[in-house]
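Peer 1: Any chance you can model this:
(2 chains)
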Amino acid sequence: MATAALPFTVANLEQQLATGLVSGTGYALVAVGFGLIITVTGRFHIAYGVTYALSAFIAGQTGLSWGLPFPAALVFGVVVAVAVAALMESLVYWPLNRRLGAAALMTIFIASLGLSTAGENAIALLWNGAGGSVNISGFAVAAVHFLDVYTTNLALTSFFTGWAALLAVAAVIRWTKLGRMIRAVRVNQRLSLAMGINPRAVYLVVFVLGTALGAIGAVFTAAQSTATPDMGSTPILYAITVSFIAGGAAPLVVAAVAVGVGLLESLSIFVFQPQWSQVVVFACLLIYVLVKVVRENMGTVRTVRPAKTAEAVETASQLCS
Amino acid sequence: MQLTVSYLDQILVLLIFTVALNLVMGYAGVFNAAAGAFGAIGGYSLVWLTANHGWAFIPAMLVGVAGTAVFGLLVGYAALRLQALWLLLLTLAVQLVLIGTLSGLTSLGGSTGLQTSNLNILGYQLVEPTQVLPVVAVGAVVVFGLCYRIGESPYGRVLRGIRDDETATRSLGKNTFSYKLIVFTLTAAMAGFGGVLLSTDTTTASPGLYGFDVSIQVIAMVIIGGTANMFGSVIGVTLVVLSTPFFENVIHLSTNVASLAQGLAYGLALVIVVFFRPQGIIPEGSAPWRWRRRTPAPPSGAGAGADAPVHSRAPVPAPLVTDRAPRPGAGQGDGGDRVLEVRGLTKSFGGNKAVNDLSFDLRRGQITALIGPNGAGKTTVFNLITGAIPADTGRVRLFGRDITGLRPDVITGLGMARSFQDVRVFPSLTVLDNIMVGIQDQPGDAMRNLFAHPGLVARAERAARERAREWLRFIDMEPLAGVRAGSLGFGQQKLVALARILATDSEVLLLDEPGSGIDHAWIDQMIAVVKQVSEAGRTVCIVEHNLEVVGRLADHVCFMELGRLTAEGGFTDLTSDPRLTEAYFGTV
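Peer 2: Predicted coordinates:
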């Protein structure tokens, strides 16, 4: 278990850092997207994994069937994923939230779990004839070599496109009127309603932005390997991990934590075999949550009991004598 | 035939997982996404011990179940102090880490897992589905019986109270963490047992057999069948498991496509059920022998009993637990015994001193009112003296005993109970059950008594029911005993909440805004009840904004401003003071 799969050398370190940065960028897109949704709307939208996979399948299929070039297939995949996410919010989550109010949190999670299960199986059924997977064509992949790092132009494009998207969303939230509205709804939905902001519209915008970020990551990830119905499972679990650790921080902070997860996963190969990389990430989450429990309990549980007070000790002494 | 029996085996094994999850999730409201992981501990223990170490079935099974119980206890101890989302995340992480670890361990077969051919009980082979059937059938019946017994007992009533409102349940003298931890550990052990039988059925233990998909499937079975209803779980499991042969044999899909169709179907079913029938196919409280009975409907308007003249009210029931009363006073003083002494109580939230060096007494049989403008810190005082939040400094003594720092449930057990401004009835419990949760020291509150002393529990339950009815007669709401509390009007809910704390037999009652948000008819009713309780010797402290209520009820009034007690005395004295009037109303 503890046998390292890769010897620690400078060349290997550079390679693993580059790999971690690229995969971390993919996780950052999902984490910021998912995090935006959960922090602004309060929806534990685990069906995010479905729209993630769907965007890759649509991009791949449009490339194959219609011969769309990669950028057009990417846009098409993102648009379809965004539309499906908006439908989930409009037809399922919003009505449930309206009906149940504060008690809707777990109900929406269960509904999302249902959408996730149904969606993943629906994708598998729809592409069952293609063996349940689709390749994304249209990008002329070429090897790139710098320092001691071997990578591809596709990986570099995904890295820079991903960060461009992340910075754009962060800028929108930080500096635009729309961003102020999103932050207002996040902090106090009722008050923002009183100020003339329509929370339902803001929620939809957040679902659009959040889903689009993940969809961009999904198309690039699938282009580097292949699109499968369950390809969203691991990124969404990482996104949940990052969202909780980052605790509703600004998008770029969430992205930084996600890149950290990518690096952790990548660098763990110096200590563990590759099959342990995911376990390492989730074990870190587990430790984080346990530390949180200990800290919270230390902060709130009073150890002073009457039996420990001087008077109680005196009373007990009197009783004993 | 073998195939049919195989499906029956699957149903029975998954039923164990489902009823266990239903008990912890449906009854106690504790979400657990690690059912598969708990099953894996049981299943892997069985297969590893029988295949690699030649153990017999029963000892291997016992080790698996005990190991899961210990693991569940550890996870529960950490997880159950967390908010719902964090609890969900922690159990999710447990599921992923455990299954990921099992997948990575080559000594446990890695991703393909382990196999065993050494499964027999005293020579009875467990290989064919027909051979496994009697074992899984007995196991499923036993686990179903345990879960049903717990869920439909006084213990289960407290669990449902915790699910509906944990804070209110704790304030009624129940150690909610202990209840949740016990049921979480027990149901983890049951899932471990389910894992043992799943591995027995398949003669394997592999990560895929206990993956996250299994946990989701079990959650779906609970939700579709109906939460907090064990019969619903039977329906949920049967529908989900039999959907595969339905797609294969009726729709004529291939095995692969049928499996995908099953996932699609139960995923959609989950959404549809949550949306259109959130209570599931068989709702909570419904059982085959109750299906012909009608559930009483809440009355329209003010409600049954609401308009009854006050003079027809039943007398205040005498305290049930005689050894808890009378209690000594903290000291003799002017006008009676001090039962509660508050000294130097201070609480800050950040830079805001919500309560500042507050001292006051409650005297036996008196009604004391805490009044003051909004933000004076009145409700914070209740939260501090009942242990809901810890004080920064100061001491609280109840009947001469220092109760500073004690938990709310312990303080209620010592004789002081509170109501809440926002009522906090248990909406999905009946009015009668709401009151019964408040009754202290019920034998059925201890799980061991459910199985070791069922006769005692049954007798105590009858007595508790009659006692609760006495309280309902006292507040003139007995006709509504069988109505779900959530369907009552606000005024009725306030009376139920009052009766619930009266049922604790606490001598000191702290009532937070008993008259707020209700109309005159209900205020009259409330005042009559509180007066009668006070005349029966109970000590009452109210926080109230409605000065009419204060004037009609209070023997003594404490005036608070910005966390400090600035005046006390009779109601007329305080309301005739221009400065206090200005402080309260903002104008003279």
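Peer 1: Looks like B:Thr430 contacts B:Val483 (just checking).
Peer 2: Yes: judged on Cβ atoms under 8 Å, B:Thr430 makes contact with B:Val483 at a distance of 6.3 Å. (Each C-beta comes from the backbone N, C-alpha and C, glycine too.)
Peer 1: which residues touch B:Gly387?
Peer 2: B:Ile403, B:Gly405, B:Leu406, B:Arg407, B:Pro408, B:Val410, B:Ile411 (Cβ atoms under 8 Å, 6 or more residues apart in numbering or on different chains).
Peer 1: what residues does the stretch 101-250 of chain A put near chain B?
Peer 2: Residues of the stretch 101-250 of chain A lying close to chain B by Cβ under 8 Å from any Cβ of the partner chain are A:105-107, A:109-111, A:113-122, A:124-125, A:128, A:233, A:237, A:240-241, A:244.
Peer 1: Among those residues, the buried ones, what's the PyMOL command?
Peer 2: Buried residues within these, by 16 or more other Cβ atoms under 10 Å in any protein chain shown, are selected in PyMOL with:
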select buried, chain A and resi 105+106+107+109+110+111+113+114+115+116+117+118+119+120+121+122+124+125+233+237+240+241+244
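Peer 1: In helices, which of the residues of the stretch 101-250 of chain A next to chain B fall?
Peer 2: Judged by DSSP state H, the subset of these located in helices is A:105-107, A:109-111, A:113-122, A:124-125, A:233, A:237, A:240-241, A:244.
Peer 1: The closest residue to chain A within the stretch 51-200 of chain B and A:Ile37, how far apart?
Peer 2: Proximity of the stretch 51-200 of chain B to chain A (Cβ to the nearest Cβ) peaks at B:Gly100, 3.8 Å away. Noted for B:Gly100: a distance of 26 Å to A:Ile37, by Cβ to Cβ, to the nearest Å.
Peer 1: So between those two, which is more surrounded?
Peer 2: Taking other Cβ atoms under 10 Å in any protein chain shown, B:Gly100 and A:Ile37 do not tie; A:Ile37 has more neighbours (26 against 20).
Peer 1: my read: that one touches A:His45, true?
Peer 2: Yes: counting by Cβ under 8 Å, A:Ile37 does reach A:His45; the two are 5.0 Å apart.
Peer 1: For the two, list the residues in contact with both.
Peer 2: With Cβ under 8 Å, 6+ apart as the test, A:Ile37 and A:His45 both reach A:Phe207.
Peer 1: What about A:Val289, how many residues nearby?
Peer 2: Using other Cβ under 10 Å, A:Val289 has 23 other residues around it.
Peer 1: Could you tell me whether it really is in a strand?
Peer 2: No: according to DSSP: H, G, I helix; E, B strand; the rest coil, A:Val289 belongs to no strand; its state is helix.
Peer 1: residue contacts, it?
Peer 2: By Cβ under 8 Å, 6+ apart, the contact set of A:Val289 is A:Phe244, B:Ala78, B:Leu82, B:Trp86, B:Leu89, B:Leu90, B:Ala93.
Peer 1: Repeat the analysis, applying 6 Å as the threshold.
Peer 2: Contacts for A:Val289 were tallied using Cβ atoms under 6 Å, 6 or more residues apart in numbering or on different chains; they are B:Leu90.
Peer 1: What distance do you get for it to A:Leu105?
Peer 2: Note on A:Val289: its distance to A:Leu105, by Cβ to Cβ, is 18 Å.
Peer 1: Then B:Thr169?
Peer 2: 19 Å.
Peer 1: go on, B:Leu358?
Peer 2: Distance, B:Leu358 to A:Leu105, by Cβ to Cβ: 36 Å.
Peer 1: likewise B:Thr18?
Peer 2: Taking Cβ to Cβ, one finds B:Thr18 at 23 Å from A:Leu105.
Peer 1: residues from the stretch 51-200 of chain B in reach of chain A?
Peer 2: Selection of the stretch 51-200 of chain B residues close to chain A by Cβ under 6 Å from any Cβ of the partner chain yields B:Ala78, B:Arg81, B:Leu89, B:Leu90, B:Ala93, B:Leu96, B:Val97, B:Gly100, B:Thr101, B:Gly104.
Peer 1: excluding its backbone neighbours, what's nearest the first one?
Peer 2: Counting by Cβ to Cβ, 6 or more residues apart in numbering or on different chains, the nearest residue to B:Ala78 once its immediate chain neighbours are dropped is A:Val293, at 5.0 Å.
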